[in-house]
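**Student:** Coordinates for the following, if possible.
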Amino acid sequence: MPRPIVRIQPEAVQLMVTEAPEPCVCLPRLTETLIPCPRWTVTPAEILTLASLAESESRPSEFSFPVSLEQAEPEPAETAAGPASEVAAIEQPTLAVPAIAVDFPVRTQHEQSPQSEISDFKSEISDLKSEISDLRSGADDVPVRSHHRAVWDLPEGLWPWLDAVASDPQAAEWSSTVRHLIAELAYVQTKGSRDVQPILAELRRKASDVDQLVGLAPSPEAQTQLRRTQHALLRRLDVWELVAALEQQEPRELTRETPQPPERTAARVEIPGLLRERVIQPRELLSSIERYETSGLASDARRVVELERQLASSLLPAELALHKRIETHYRNCNLRIAVTDDLINRLVPQPEPTTGQVRERILNLPIRGHNSTSTQLSVRLAPDPRRLQLTLQATGLVSSWTAASSGPARLHSRSQANYWVEKTWTIDAAGVRSAPATARADNRSRLRRIESDFDGVPLLGEVVRGLIRRGHAQRSPQAEAEVRGKVRSKAIERFESETAAQVAAAHKAFSQYVLKPLDNLSLNLERSYLETTSERLVTRVRLSSDDQLAAHTPRPRAPGDSLLSVQVHQTALNNCLENLDLNGRTFTLDELHRTVLAKLNRAPESMPEPQHEDVEITFATQDAVRVRCADGKIEVTLAIAKLSTATRDWHNFAMRVYYRPGSTGLAGELVRDGSIYLSGDGLSTRSQIALRGVAAKLFPRNRSLPLAPERIARHPRLKDCVITQFEIQDGWIGVAVGPKRGPEEVVATADVAEESLR
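**Tutor:** Numbers count the residues shown, from 1 in each chain. This is a model prediction of the structure:
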């Protein structure tokens, strides 16, 4: 008599029918399946028993009970090439009906009632019997059911967002419904998208409902919370839907164009599944993504990237689409900078007025005198959706006092020449390009005095001056044109020379402080989005290496009146920290400082005086230093394998410290918040006291981290500016600088809604 074995776990119930004389061993995390004996079927009575056991408060790990099993009808005799033999060859060579796995969910507090669940169980048994009947009849379109456990894991990283919005009465029901649907999805039997697709469609409708809930939210903060929750759900849905499409591709569909003789049927059914395993297992992908969503660790990110790379090499369209979806959602830009033309013009250094001697020839006459020149620089933006484009314009005034000699006459003049010079630079993926400078000028000259050798001669002196004045008037247009040409050429020459020097200096600084450190860290500035509007230059980039992820959450939106806004995702910081190459290495504190400064291309003289030279730190082999940005604070964690002093060693512990926004005004800063936290097995109170002394040298309480250089914070043309946003949330640090506001001023955000997802 077959012996039924019931296995009960927190998430599922398993019934196995075996003819083994000894009970089966219960293992943790067994497949949540009910597997009928190949020669027997299970009646609804056993399902009712299972359901009652599942609802029991005290559930045994294994339970044996005698039941009356309904014996299957004898199968008809088939030839070796018949359908029954084909199926039998797959699972049990001596039996006609294969073992078929069925997943049964256990009701949670968010799921349906026991009665409806039992009804679902009965429906599953009915479907199972129908499939067995179809297999016996030799039907061609019977899908081969999956034997692995359900693909859908609970998205642990989504629960905090659903909990947060549930505090709003308007969104509480929505949150509960989404939880219910996800719980249903997590335990649905794996039969392909025919099972999960209705749930996914309903979840997508619920995600769309957030647009209405945002309008009912009681505060801007609640609106932001809803939007972030919506995005957390949508990015998962986008992946789940494509995984469902993968599950829908049955082996029969993958081999439909290559029919095989009956003796090859088993291979025809199994080999495509093996090929899919060589690319990815959907469950592993979803688990890896959710693990990264929850932890944010670089080691978890690398696993997601590895699976994504495998998808990129697939020949299946659904897997290629999944690769692109992960690339879009989990390797997004993690650094955005937007600067207005107003701020640029405030910071553009204005030339000081200059004076000089005039030694020229106009109309082949020698001109001598002196002049003064004043110039005003300004920047104008040229809108372009795909590149940065700005024009530097110089507006100048040249005032001259000159004397021209012609034979016995000398003409004294006062002139004013205005000029306008401009040059346009374009920055895109190809680099920095510039067009030649262009200029225009006008000149107004006034004859002030005429001197000649005949001034002392009565009557003749007046006649000579009159002749000279008429000659001057006749040749004045020609002289003015020549003066304008000389002013234009000199303005262009000087402008090109000075801007070339400034561009060279900027390029040198960019190489020293940005490109060289990125090269040392093996990081790339990828997936650049450059845009110029009538008011702003906007740059968004992905800072990562090939095996690292980037942003996956919506960035904070800056106030609409911001002159400068910067958003940095924690992945940009963690990617830099990961590539400092600290994992598993040992340093003294002095060596650690030198290593970090060398990677960042900073001079050693900027190091603090070495202290605690007897302290050695050996970092953990992975995730040595990591940053997490949430709830208004930046969490910095050091994973340490060993810390040694002259008298003591400590092993395998973590050091955690928090930073929060500090002072207001324009000189923003990050200051340490609270104590230094230590965690690890066997850390006594005495050990923690000793370790805190060392930790205080790494993270001194009185040392803040300034956001802006001193010369910017004290710039005289920024006296009316303050930090108007300093937000740390959902992985992002958002900082904005703008004009001071009154206590009741409300400013809209600058970015359109869709860009918050970029």
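**Student:** pLDDT-wise, which helix or strand of this structure ranks last?
**Tutor:** Here the helix or strand of the chain ranked lowest by mean pLDDT, DSSP states H and E is helix 83-91, holding a mean of 32.
**Student:** so how far is the longest helix anywhere in the chain from its chain's centroid?
**Tutor:** What stands out as the longest helix in the chain, according to DSSP state H, is helix 460-510. Remark: helix 460-510 is offset 53 Å from the chain centroid, using C-alpha atoms, centre = their mean, to the nearest Å.
**Student:** Show residues contacting the helix or strand just after that helix.
**Tutor:** Per DSSP states H and E, the first helix or strand lying C-terminal to helix 460-510 is helix 516-520. The list of residues contacting helix 516-520 from outside it, by C-beta atoms under 8 Å, 6 or more residues apart in numbering, reads 524, 525, 543, 598, 599, 600, 601. Every residue, glycine included, has its C-beta placed from N, CA and C.
**Student:** burial count for the last one?
**Tutor:** Think residue 601. Other residues within reach of residue 601 by the criterion other C-beta atoms under 10 Å amount to 17.
**Student:** Show residues contacting stretch 316-330.
**Tutor:** Counting by C-beta under 8 Å, 6+ apart, residues outside stretch 316-330 touching it are 235, 238-239, 242-243, 245-246, 249, 276, 279-280, 285, 289, 292, 304, 308, 311-312, 314, 549-550, 552.
**Student:** beta partners of the spatially most central residue of the chain?
**Tutor:** Central residue of the chain (C-alpha atoms, centre = their mean): residue 551, 1.4 Å from the mean position. Partner residues in beta bridges with residue 551, using DSSP bridges, are residue 332.
**Student:** pLDDT at it, what is it?
**Tutor:** In the predicted model, residue 551 carries a pLDDT score of 96.
**Student:** pretty sure it contacts residue 574?
**Tutor:** No: shown here, residue 551 and residue 574 do not form a contact pair, counting by C-beta atoms under 8 Å, at 11.1 Å.
**Student:** And the strands in the stretch 601-750 of the chain?
**Tutor:** Assigned strands in the stretch 601-750 of the chain, in chain order: 616-619, 625-630, 633-644, 649-661, 669-679, 705-706, 721-729, 732-739 (criterion: DSSP state E, counting those that start in this stretch).
**Student:** buried sites along the longest one?
**Tutor:** Think strand 649-661. Within strand 649-661, the residues that qualify as buried by neighbour count (16 or more other C-beta atoms under 10 Å) are 650, 653, 654, 655, 656, 657, 658, 659, 661.
**Student:** and the gap between the residue nearest to the centre of the chain and residue 333?
**Tutor:** The gap separating residue 551 from residue 333 is 6 Å, by C-beta to C-beta, to the nearest Å.
**Student:** what's the overlap in contacts for these two?
**Tutor:** Residues touching both residue 551 and residue 333 by C-beta under 8 Å, 6+ apart: residue 542.
**Student:** Which parts of this structure belong to which domain?
**Tutor:** The domain map for the chain lists 354-513, 551-739, with the assignment taken from automatic domain parsing.
**Student:** Most tightly packed of those domains?
**Tutor:** Each of the domains of the chain was given a mean neighbour count from mean count of other C-beta atoms under 10 Å, and the largest, a mean of 17, is that of domain 551-739.
**Student:** what distance separates the start and the end of that domain?
**Tutor:** Start and end residues of domain 551-739 are separated by 29 Å (C-alpha to C-alpha, to the nearest Å).
**Student:** thought residue 428 was touching residue 385?
**Tutor:** No: the pair residue 428 / residue 385 is not scored as a contact, 11.2 Å apart, by C-beta under 8 Å.
**Student:** show me the contacts for residue 298.
**Tutor:** 548, 574, 575, 578, 622, 623, 626.
**Student:** OK, contacts around the residue nearest to residue 496 when sequence neighbours are not counted?
**Tutor:** Taking C-beta to C-beta, 6 or more residues apart in numbering as the measure, residue 496 lies nearest to residue 437, with 5.4 Å between them; neighbours along the chain are not counted. Neighbour list for residue 437: 421, 422, 423, 492, 495, 496, 499 [criterion: C-beta under 8 Å, 6+ apart].
**Student:** And the pLDDT for the fifth one?
**Tutor:** At residue 495 the predicted local distance difference test score is 93.
**Student:** so how far is residue 571 from it?
**Tutor:** Relative to residue 571, residue 495 is positioned 42 Å away (C-beta to C-beta).
**Student:** Could you give the backbone dihedrals for the residue nearest to residue 496?
**Tutor:** Listed backbone geometry of residue 437 is phi -70, psi 150, with angles given as degrees, to the nearest 10.
**Student:** Could you report the distance from it to residue 671?
**Tutor:** Separation of residue 437 from residue 671 (C-beta to C-beta) stands at 47 Å.
**Student:** just residue 700 next, same as before
**Tutor:** In this structure, residue 700 and residue 671 are separated by 11 Å, where distance is defined by C-beta to C-beta.
**Student:** One more: residue 595?
**Tutor:** Relative to residue 671, residue 595 is positioned 26 Å away (C-beta to C-beta).
**Student:** And residue 692, by the same measure?
**Tutor:** In this structure, residue 692 and residue 671 are separated by 18 Å, where distance is defined by C-beta to C-beta.
**Student:** Same check on residue 202?
**Tutor:** Using C-beta to C-beta, one gets 47 Å for the distance from residue 202 to residue 671.
**Student:** so what's the backbone phi/psi at the residue located most distally from the centre of the chain?
**Tutor:** Distance to the chain centre peaks in the chain at residue 458, reaching 89.5 Å (criterion: C-alpha atoms, centre = their mean). Backbone torsions of residue 458, given as degrees, to the nearest 10, read phi -60, psi 140.
**Student:** Among the contacts of stretch 316-330, name the ones in helices.
**Tutor:** When these are checked against helices (DSSP H), the matches are 235, 238-239, 242-243, 245-246, 276, 279, 285, 289, 292, 304, 308, 311-312.
**Student:** Pick out the lowest-pLDDT one from those residues.
**Tutor:** Taking pLDDT as the measure, these have their low point at residue 276 (43).
**Student:** Helices along the stretch 251-400 of the chain, start to end?
**Tutor:** Here the stretch 251-400 of the chain has its helices, by DSSP state H, counting those that start in this stretch, at 251-254, 265-279, 282-295, 298-312, 317-330, 341-347.
**Student:** Adding distance to residue 186, write those out as TSV.
**Tutor:** Listed next are the helices of the stretch 251-400 of the chain as TSV, based on distance: least, C-beta to C-beta, whole Å:
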stretch	distance to residue 186
helix 251-254	25
helix 265-279	22
helix 282-295	10
helix 298-312	20
helix 317-330	19
helix 341-347	49
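**Student:** Check what pLDDT residue 429 gets.
**Tutor:** On pLDDT, residue 429 comes in at 86.
**Student:** ok, now residue 340?
**Tutor:** Looking at residue 340, its pLDDT reads 97.
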